[in-house]
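[1] show me how the following folds:
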Amino acid sequence: MSFMLLFVALIIGHILADFYWQPMSWVHNRNTRHFRAKKLYLHVLVHGITTAVIVSWWEFSFGWQTIAPICIATSVVVVTHYLIDLAKSYSNKGVVAFIVDQLAHLVVLLLLAIWLSDSSEFFTHAWQWLIQPATLWVLCGYLLILSPSAVFIRMMLERITSGFSTTGSLPAAGQSIGMLERVLMLTFILLDQFAGVGFLLAAKSVFRFGDLSASKDKKLTEYVMLGTLLSVSVTLFIGLAVNYLKAL
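    Prediction:
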């Protein structure tokens, strides 16, 4: 599919230009001088040249073999990348700003790939993939192991949590770790890589062993084990159910 070829080429170009061909000195210059930063314009120029090369190759291999789409695509990337990076320079530079910044760039590249390729073909394939029961069951599985599973596990553990103190722990760290743990386990289960589930549990046990040994608290040990087993049981049940249902 020509769309996918162009899209992945644009993504690779973006990764190279944004992370490999942009020294940290350029980033610091942009973050301190904002629109007055000369390195920002140089960085945008690198992105423009990269996009022009990729789109030129694609146009004369799979596209309409005209110059106009190359110029338009390059201009769009240059302008949007400048505006997105300029907005990011005024942000708090945290992980949320980083994720929003990269998602904005990816949306621009996605729209360009759709426009340059056969858009009707893209939307047809995307819709056919989306409405497949297997896709919807997988989506349902990931939705279930996040908030609903966290609520269920918390309710199951409520009777024994009153004796524990959360001092010294990050706020909501346990819930976040549990969600990430279940996402990884479900992914391994859906890929039929149950060895990965075992490796994940072994790695968690190694990191937890020191804390539990130092605490000398039997109740804490039982609480951690129960929480882990509940999380694993819920994820295994959902993962196996999804694998069965998407095979129907």
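[2] how many neighbouring residues does Ala203 have?
    Per other CB atoms under 10 Å, the neighbour tally for Ala203 reads 10. Yep, even glycine has a C-beta here, placed from its N, CA and C like the rest.
[3] buried ones in the longest helix along the chain, by neighbour count?
    Longest helix in the chain, counting residues (DSSP state H): helix 218-246. Across helix 218-246, burial judged by 16 or more other CB atoms under 10 Å covers 223-224, 227-228, 230-232, 234-235, 238-239, 242-243, 246.
[4] need the max-distance pair from these.
    Greatest spatial distance in those: Tyr223 and Lys246, 34.5 Å, computed using CB to CB.
[5] if we can go back for a sec, dump the buried residues of helix 218-246 into JSON lines; add pLDDT as well.
    JSON lines is the format used below for the buried residues of helix 218-246 (pLDDT from 0 to 100):
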{"residue": "Tyr223", "pLDDT": "71"}
{"residue": "Val224", "pLDDT": "73"}
{"residue": "Gly227", "pLDDT": "80"}
{"residue": "Thr228", "pLDDT": "83"}
{"residue": "Leu230", "pLDDT": "88"}
{"residue": "Ser231", "pLDDT": "88"}
{"residue": "Val232", "pLDDT": "89"}
{"residue": "Val234", "pLDDT": "93"}
{"residue": "Thr235", "pLDDT": "93"}
{"residue": "Ile238", "pLDDT": "95"}
{"residue": "Gly239", "pLDDT": "94"}
{"residue": "Val242", "pLDDT": "94"}
{"residue": "Asn243", "pLDDT": "93"}
{"residue": "Lys246", "pLDDT": "89"}
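[6] find the nearest non-adjacent residue to Gly227, please.
    Spatial nearest neighbour of Gly227, excluding adjacent residues (CB to CB, 6 or more residues apart in numbering): Leu157 at 5.9 Å.
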